[in-house]
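Q: Structure, please.
(2 chains, ligands or ions: 2)
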Amino acid sequence: MTEKRRFPIGDSILELSNISLSFGGVKAITDTSFKVRTHEIRAIIGPNGAGKSSLLNCINGIYKPQEGTITFKGEVLSKINPNFIARKGISRTFQNLALFKRMSVLDNILVGRRLHETASFIEVALQLPKAKREEKQNREKSEEIIEFLEIQGIRDTLVGKLPYGLQKKVELGRALATGAEVLLLDEPMAGMNVEEKREMCRFILKVNDELGTTMILIEHDMGVVMDISDSVVVLDYGKIIADGPPDEVRSNQNVIDAYLGVAHD
Amino acid sequence: MRTQPVFMTFKKDDIINFVVLMTLAFIIIPMTVKTDYWYTSILIPWLCLSLAAIGQQIVMGYTGQLALGAAGFMAAGAFACFNLVLRVPDLPFVGALALSGLIAAAFGILFGLPSLRVRGIYLMVATLASQFFIIWMIDKFGWFKNYDTSGIITTQDIVIFGKSLTSPMEMFFVLVVIVTVLTLLAMNMARGSTGRRWMAVRDMDIAAESMGISLLRTKLQAFAISAFYCGVAGALFAFTYLKSLEPVAFDIKLSFKILFMVILGGLGTINGAFIGAAFILLFPVVLNTVGNNVFHGSIDATIISATEQVVFGVLIIVFMIYEPLGMAKLWDSIKQRLFGRNSKESEAPVDQADVGKQGS
Ligand SMILES: Nc1ncnc2c1ncn2[C@@H]1O[C@H](COP(=O)(O)OP(=O)(O)OP(=O)(O)O)[C@@H](O)[C@H]1O
Ligand SMILES: [Mg+2]
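A: Ligands and ions are numbered 1, 2, ... in the order given. So this is what the prediction gives:
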């Protein structure tokens, strides 16, 4: 990490307080609280089934926690649905890829520009100046992202036909296109080889550095987590067992017992 | 690499297609087709049903909502137009047509509501209710039929710029203009931000929502626009083709026909609506002609119509399984073979180097 950051880590931007979530009898998350500071890369780690994805789903409004509150930029998020949360400035990628399979790469990324589109369908149908102007701007922005991710060669390919690694990149592109302040990345490097992981890390660090985007990242690869995160939350059986800077977490006995002791990959 | 500015909705290919089609409609067809039969029995219903198929395409092909009730919205449009022309004499025909579309759109929103809760086959059943409800309503309240008791009402003359349309060719021209305008509008929507939202909802609704797309608004909008197209199509179908109005003309069979047009033509393409409509309309004609001329009537008419049903059924299954993009895709491939041109729906080649690097 560079010493001088363009966007130094600031105060808390997102705060989870006493979140509990269960599915029928299964307790996925129990009384979990933690903070995310502006401009930081916050990793969430933990064994399979620890509740990491469920936690992201709560932040993004897909799941409704039975208890607890989520505060974003000093405001308690009242309505819990993904559309509302997206409008607040939180975007995400999914663990099992949730791309628009029958649309091209460019169109997928353009959907990410949704919140920058204000023209009504009538303006679009008649191609009135506002619709044209917006479309032009959003296309330019999307092309920039395609260039940034170095995927120009596949811009017009249907996403469903792409190999897994490329789909992961496209999904990151779509999340970036939103211009959200906070990105939730659910295992963005899962199933990638070392080369691809390194590339993905580079993109994540670059976005964080250049735009100051706050990232919450779930990742199993401890090497990656130690390399790129500013602080780490460790979940086990839906509970936080450690929270702090990477090296502190690494030497925590609870973590070693619960997580590092278990062989991953 | 792309040669045109990327933000243009229409590409060079489209402009060429447009010019070719307009030349065909306004010069070549009028010069070569002299018999009324072709206009009244083929071209006019083809354009009307293509328009309805665009409506079905929007809700099903683009938004992925398995709706079945296009004919109900067509009936709403047709009866609305009849009543508007009857009761508001000062209203120009095109105005009545647009209002009919809007009235159908209101029904579209109402009967699109189940799509917020159910999907797939359940939605199909729910939207089927719209069909029955609209037909029932028209039958139940005499006002819609102007208290006509004969069962069949004759539609009024179409008056455009103070002139009554009389010849089938004139009607064809007017239809070409209306259908072209509505098709261009549909293409603009489909290729723009509106269409992207429809397709996003179709392909992965939870991700669409996470990008800030309201499922409620997008689905209901698609239903409304779809019903608008069906409503206008229904009014035109009644006024230019049937020349009469009776609810049974808009029964469930017509809804299925329009559904098949979209499946055979290709889901999620505007061209597919026209190709599918042409196929569904022309295939029985071709079959009959072959039956009569080649076998000189030695084949029973019931066998011919049975053949028709079997062929449709088989084709639909084949297309559903092997080529969801339908005939529009086949047509694209043929065009590409013949002219070596890449059109919008065909995929760009994957950059080999890029894929290779991923070691998929
Ligand atoms: N929609 C759901 N319905 C029922 N149970 C669920 C649902 N989502 C998650 N769970 C349960 O909640 C627990 C936590 O799951 P979650 O997916 O959050 O784990 P995770 O930490 O992301 O695991 P992984 O590393 O495998 O992705 C699991 O026991 C899982 O079975
Ligand atoms: Mg997970």
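Q: How much space separates A:Glu40 from A:Phe72?
A: As judged by C-beta to C-beta, to the nearest Å, A:Glu40 and A:Phe72 stand 15 Å apart. All C-beta atoms are positioned from the backbone trio N, CA, C, and that covers glycine.
Q: Who has more neighbours out of the two?
A: The residue with more neighbours, out of A:Glu40 and A:Phe72, is A:Glu40; 23 against 19, by other C-beta atoms under 10 Å in any protein chain shown.
Q: Report whether the expected contact of that one with A:Asp230 is present.
A: Yes: proximity of A:Glu40 to A:Asp230 meets the contact threshold set by C-beta atoms under 8 Å, at 4.2 Å.
Q: Need the overlap of contacts for these two.
A: Common contact partners of A:Glu40 and A:Asp230 (C-beta atoms under 8 Å, 6 or more residues apart in numbering or on different chains): A:Ile9.
Q: And the single nearest residue of the stretch 51-200 of chain B relative to ligand 2, which helix or strand is it part of?
A: Here the stretch 51-200 of chain B gets closest to ligand 2 at one residue, B:Ala200, 23.0 Å apart by C-beta to the ion. Secondary structure assigned from DSSP states H and E places B:Ala200 in helix B:193-203.
Q: For that helix, give the mean pLDDT please.
A: For helix B:193-203, mean pLDDT is 97.
Q: Contact partners for the residue nearest to A:Ile62 when sequence neighbours are not counted?
A: Ranked by C-beta to C-beta, 6 or more residues apart in numbering or on different chains and with sequence neighbours excluded, the top spatial neighbour of A:Ile62 is A:Pro82, at 5.7 Å. Contacts for A:Pro82 (C-beta under 8 Å, 6+ apart) come out as A:60-62, B:206, B:209-210.
Q: Repeat that for A:Asp107.
A: A:Asp107 touches A:100, B:196, B:199, counting by C-beta under 8 Å, 6+ apart.
Q: rerun at 6 Å
A: B:Arg196 (C-beta atoms under 6 Å, 6 or more residues apart in numbering or on different chains).
Q: what's the neighbour count on A:Pro8?
A: Neighbours of A:Pro8 under the rule other C-beta under 10 Å: 11.
Q: likewise A:Lys239?
A: If we define neighbours as other C-beta under 10 Å, then A:Lys239 has 16 of them.
Q: For it, give its distance to A:Ala258.
A: In terms of C-beta to C-beta, A:Lys239 sits 10 Å off from A:Ala258.
Q: before we move on, what about B:Phe312?
A: B:Phe312 is 61 Å from A:Ala258, where distance means C-beta to C-beta.
Q: So which residue is smack in the middle of chain A?
A: Centroid-nearest residue in chain A, with C-alpha atoms, centre = their mean: A:Leu184, separated by 1.9 Å.
Q: does that residue really touch A:Ser91, like I thought?
A: No: applying C-beta atoms under 6 Å, one finds A:Leu184 not in contact with A:Ser91, separated by 7.3 Å.
Q: Would you mind confirming that the residue of the stretch 51-200 of chain B closest to ligand 2 makes contact with A:Leu110?
A: No: look at B:Ala200 against A:Leu110 with C-beta under 6 Å: they stay out of range, at 9.6 Å.
Q: Just the residues contacting the helix or strand hosting A:Glu135, thanks.
A: Using DSSP H and E, A:Glu135 sits within helix A:129-148. With contact meaning C-beta under 6 Å, 6+ apart, helix A:129-148 is reached by A:109-110, A:113, A:116-117, A:119, A:123-124, A:152, A:155, A:173, A:176-177, B:6-7.
Q: The helix or strand following it near chain B at all?
A: For helix A:129-148, the succeeding helix or strand toward the C-terminus, using DSSP H and E, is helix A:164-177. Yes: contact of helix A:164-177 with chain B (C-beta under 6 Å from any C-beta of the partner chain) involves A:165-166.
Q: which other residues reach helix A:164-177?
A: Helix A:164-177 is touched from outside by A:91, A:93, A:97, A:99, A:105, A:108-109, A:112-113, A:142, A:145, A:149, A:151, A:159, A:183, A:191-192, A:196, B:358, with contacts defined as C-beta under 6 Å, 6+ apart.
Q: Can you select the buried ones from those in ChimeraX?
A: What follows is the ChimeraX syntax selecting those of the contacts of helix A:164-177 that are buried according to 16 or more other C-beta atoms under 10 Å in any protein chain shown:
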select /A:91,93,97,99,105,108,109,112,113,142,145,149,151,159,183,192,196 /B:358
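Q: Next step: the contacts of helix A:164-177 restricted to strands.
A: Counting by DSSP state E, the contacts of helix A:164-177 place A:91, A:183 in strands.
Q: Pull the contacting residues for the residue in chain A sticking out farthest from the centre.
A: Here the centre of chain A is the reference, and by C-alpha atoms, centre = their mean the most remote residue is A:Leu126, at 36.0 Å. Residues in contact with A:Leu126 (C-beta under 6 Å, 6+ apart): none are found.
Q: please redo it, this time with the cut-off set to 8 Å
A: Counting by C-beta under 8 Å, 6+ apart, A:Leu126 makes contact with B:185, B:188.
Q: A:Ile19 - nearest residue in space that isn't next to it in sequence?
A: A:Gly68 (3.6 Å).
Q: picking that back up, let's see the following helix or strand past the helix holding B:Ala200 as PDB, backbone CA atoms only.
A: Next along the chain after helix B:193-203, taking DSSP H and E as the criterion, comes helix B:205-210. The C-alpha trace of helix B:205-210 is given here as PDB (Å, rounded to 0.1, in the frame of the first residue of the first chain):
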ATOM      1  CA  ASP B 205     -34.500  -9.400 -12.200                       C
ATOM      2  CA  ILE B 206     -32.600  -9.300  -8.900                       C
ATOM      3  CA  ALA B 207     -29.500  -7.800 -10.600                       C
ATOM      4  CA  ALA B 208     -31.700  -5.400 -12.500                       C
ATOM      5  CA  GLU B 209     -33.200  -4.200  -9.200                       C
ATOM      6  CA  SER B 210     -29.700  -3.900  -7.700                       C
END
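Q: what's the spacing between B:Gly212 and B:Pro89?
A: For B:Gly212, the distance to B:Pro89 - C-beta to C-beta - is 47 Å.
Q: For B:Gly69, list the residues it contacts.
A: Contacts of B:Gly69 by C-beta under 8 Å, 6+ apart are B:111, B:127-131, B:255.
Q: Return the members of those residues classed as buried.
A: Among the contacts of B:Gly69, the ones that count as buried by 16+ other C-beta under 10 Å are B:111, B:127-128, B:130-131, B:255.
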